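>>> sequence plus the predicted model coming up.
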Amino acid sequence: MPETRPATRRSATRRPTTRRAALAALAAGTALAVLTGCGAADMTRQSSPYAAARGAKTVTLSVQSWVGAQANTAVAGYLLEHELGYRVDTVQVDEVPAWDALSQGRVDAILEDWGHPEQQKRYVEQKKTIVSGGDLGVTGHIGWFVPTYFAEEHPDVTDWKNLGKYTDQLRTPESRGKGQLLDGSPSYVTNDKALVKNLGLDLEVVFAGSEAAQITQIRQFAQEKKPFLTYWYKPQWLFERVPMTEVKLPEYTEGCDADPEKVACAYPHTPLRKYLNARFADEGGRAAAFLKKFHWTVEAQNEVALMIAEEKLTPGQAARKWVERHEDVWRPWVG
């Protein structure tokens with residue numbers, strides 16, 4: 001959740017950032033779980049023995065916690081295994097630590113990055129340990145949203161200047177007497193605390209703790225037809241179940257979010273990108289070529305995400321279903 005230059009998904013200011021003063025502390029202690037058939041391991045102590053292994057028919061993919069990123073990895077992993085004959089390991093890593101793991105060869109690829117300019121400058125431009133794998137094909141956008149049923153009753157709520165009129169209706173036990181702005185994980189890219197302060201809004205940013213917890217809270221509000229204001233992002237399958245309308249923030253202009261303490265503008269729209277470990281990009285053969293070609297749409301990602309989140313299929317089961325339905329889409333990736 002889902003940095004986008006600087007700022008930008010889902011994940012403190014995706015800047016320092018962006019998917020953060022708080023993030024720096026989180027990143028230092030983040031446990032990176034290796035999710036393979038062999039069990040879980042703490043990636044802060046050991047990496048996958050297959051990542052960046054010369055000649056090994058194994059690929060290790062970083063996967064972020066939000067379901068859209070899981071959909072990418074599920075389909076890519078399924079095709080790598082069933083069409084190209086690779087063993088695939090997945091490693092769940094928060095956004096900034098994932099760049100460190102990729103640079104060190106502990107993972108081979110990140111399939112959905114929301115924009116981390118500091119890491120890009122360090123590892124892609126300066127150290128050259130990471131290379132771009134091209135666009136994912138999906139454009140990401142973070143924003144503030146209210147439920148559409150509330151926006152239809154009160155059309156002016158979709159302009160940030162009018163949010164103060166609805167403080168009482170947005171108040172919750174957690175918001176300390178102010179209106180609640182519901183965020184997800186503190187590790188996501190978010191400028192929300194600075195926005196609230198710099199726009200002079202009577203709001204309290206309340207972190208649900210994770211995408212799953214935030215979805216649970218949103219769905220509960222929606223079931224009870226209560227008003228709410230939430231940080232959310234596109235693409236995301238939840239819009240199919242809980243229609244939401246974006247609140248217009250001050251227009252985004254290039255550089256308006258350069259200083260994380262002074263941000264007073266909307267989040268940008270960001271083409272999501274893939275990144276590969278530089279050695280893997282050179283020596284990864286058909287696997288590296290495939291990941292560079294992997295490119296799909298918001299609709300495709302949401303189709304897989306819905307199967308995982310709503311139908312409760314495992315990522316592998318959802319990937320298999322999607323692959324069976326869409327050979328015309330994926331066949332050029334493996335050709």
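The structure has been received and is ready for your questions.

>>> where along the stretch 201-335 of the chain do the helices fall?
Ranges of helices in the stretch 201-335 of the chain, per DSSP state H, counting those that start in this stretch, are 211-223, 278-283, 285-293, 298-309, 315-325, 327-334.

>>> now, of those helices, which is deepest in the fold?
Stretch with highest mean neighbour count among these: helix 298-309 (a mean of 21; mean count of other CB atoms under 10 Å). All C-beta spots, glycine's among them, are computed from the backbone N, C-alpha and C.

>>> low-confidence stretches in this structure?
Scanning the chain with the threshold set as pLDDT under 70 gives 1-56.

>>> if we use 50, what do you get?
2-47, 49-50, 53 (pLDDT under 50).

>>> that older thread, for A101, find the nearest of the helices of the stretch 201-335 of the chain.
When the helices of the stretch 201-335 of the chain are compared by CB to CB, helix 278-283 sits nearest A101, at 12.3 Å.

>>> make CSV out of the helices of the stretch 201-335 of the chain and add distance to F150.
As requested, the helices of the stretch 201-335 of the chain are exported to CSV (distance: least, CB to CB, whole Å):
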stretch, distance to F150
helix 211-223, 9
helix 278-283, 47
helix 285-293, 41
helix 298-309, 23
helix 315-325, 32
helix 327-334, 37
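
>>> which one of those helices lies nearest to F145?
Short answer: helix 211-223, nearest of the helices of the stretch 201-335 of the chain by CB to CB, at 9.1 Å.

>>> so that closest one versus helix 298-309, what angle?
If you take axes from the mean of the first three to the mean of the last three CA atoms, to 10 degrees, helix 211-223 sits at 90 degrees to helix 298-309.

>>> same for helix 211-223, what does it pack against?
Contacts defined by 3 or more CB pairs under 8 Å, 6 or more residues apart in numbering; DSSP states H and E place helix 211-223 against strand 179-183, strand 229-234.

>>> would JSON lines of those with mean neighbour count and distance to A76 be doable?
Listed next are the helices and strands packed on helix 211-223 as JSON lines, based on neighbours: other CB atoms under 10 Å; distance: least, CB to CB, whole Å:
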{"stretch": "strand 179-183", "mean neighbour count": "24", "distance to A76": "29"}
{"stretch": "strand 229-234", "mean neighbour count": "25", "distance to A76": "21"}
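
>>> thinking again about what came up before, and the helices of the stretch 201-335 of the chain: which comes nearest D100?
Nearest of these (CB to CB): helix 278-283, 14.2 Å.

>>> by contact count, what packs against the closest one?
Helix 278-283 sits against strand 130-147, helix 285-293, with contacts defined as 3+ CB pairs under 8 Å, 6+ apart.

>>> check contacts around the closest residue to Y123 other than its chain neighbours.
In space, and not counting its chain neighbours, Y123 is closest to I130: 4.2 Å by CB to CB, 6 or more residues apart in numbering. Going by CB atoms under 8 Å, 6 or more residues apart in numbering, I130 touches W99, L102, S103, Y123, V124, Y275, L276, N277, A278.

>>> for E261, same thing?
A194.

>>> phi, psi of it?
For E261, the backbone dihedrals (degrees, to the nearest 10) come out as phi -90, psi -20.

>>> distance of it relative to A300?
Distance of E261 to A300, computed by CB to CB, to the nearest Å: 38 Å.

>>> and for E174?
36 Å.

>>> one more: A309?
Distance from A309 to A300, by CB to CB: 15 Å.

>>> I'd guessed H116 sits against P97; true?
No - between H116 and P97 there is no contact, the gap being 11.0 Å when judged by CB atoms under 8 Å.

>>> more neighbours, the two?
Between H116 and P97, H116 has the larger neighbour count (other CB atoms under 10 Å), namely 30 against 22.

>>> can you report phi and psi for the more buried one?
Phi and psi for H116, reported as degrees, to the nearest 10, are phi -130, psi 80.

>>> give the contact list for R176.
E204.

>>> and the longest helix belonging to the chain, what does it pack onto?
Using DSSP state H to define each element, the chain has its longest helix at helix 67-82. In terms of contacts (3+ CB pairs under 8 Å, 6+ apart), helix 67-82 is packed against strand 58-63, strand 87-92, strand 109-113, helix 285-293, helix 298-309, helix 315-325, helix 327-334.

>>> many thanks, we can stop here.
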